[in-house]
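Student: Pasted the sequence and its predicted model underneath.
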Amino acid sequence: VLELAKNKVSSNVVERCFEATTVGPDSAELVNERTALMSAVLGSSGDTRAPFAQLMTDKFGNYTAQRIIEYSRGDDWEELKRRVE
């Protein structure tokens, strides 16, 4: 997911995946996919090179990071907030 999220074209696809699994019409059926996406982006809790940290400083990935934050909910939002601070 990291390499796709850092690419100019494929980052749009990753953003749409987060959108579809969060607010799309089939989001209720895509809970497992959303969990897998968040796990792939968050990486390990103490990892300073976690995928999300890399996205925040990448020229295309930072847009994906913003969309991930926008579509985060509950515990995912709290974890992202903790990592950004």
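Tutor: Perfect, thanks for sending it.

Student: can you pull the buried residues of the helix or strand containing residue 41?
Tutor: If you go by DSSP states H and E, residue 41 is part of helix 31-42. Neighbour counts over helix 31-42 (16 or more other CB atoms under 10 Å) mark 34, 37-38, 41-42 as buried. C-beta coordinates here come from the backbone N, C-alpha and C atoms, glycine included.

Student: And these, which is closest to residue 76?
Tutor: residue 38 (5.1 Å; CB to CB).

Student: so the closest one touches residue 76, yeah?
Tutor: Yes. Using CB atoms under 8 Å, residue 38 is in contact with residue 76, at 5.1 Å.

Student: residues near the closest residue to residue 33 other than its chain neighbours, how many?
Tutor: Closest residue to residue 33 apart from its sequence neighbours, by CB to CB, 6 or more residues apart in numbering: residue 21 at 5.3 Å. For residue 21, the neighbour count with other CB atoms under 10 Å is 22.
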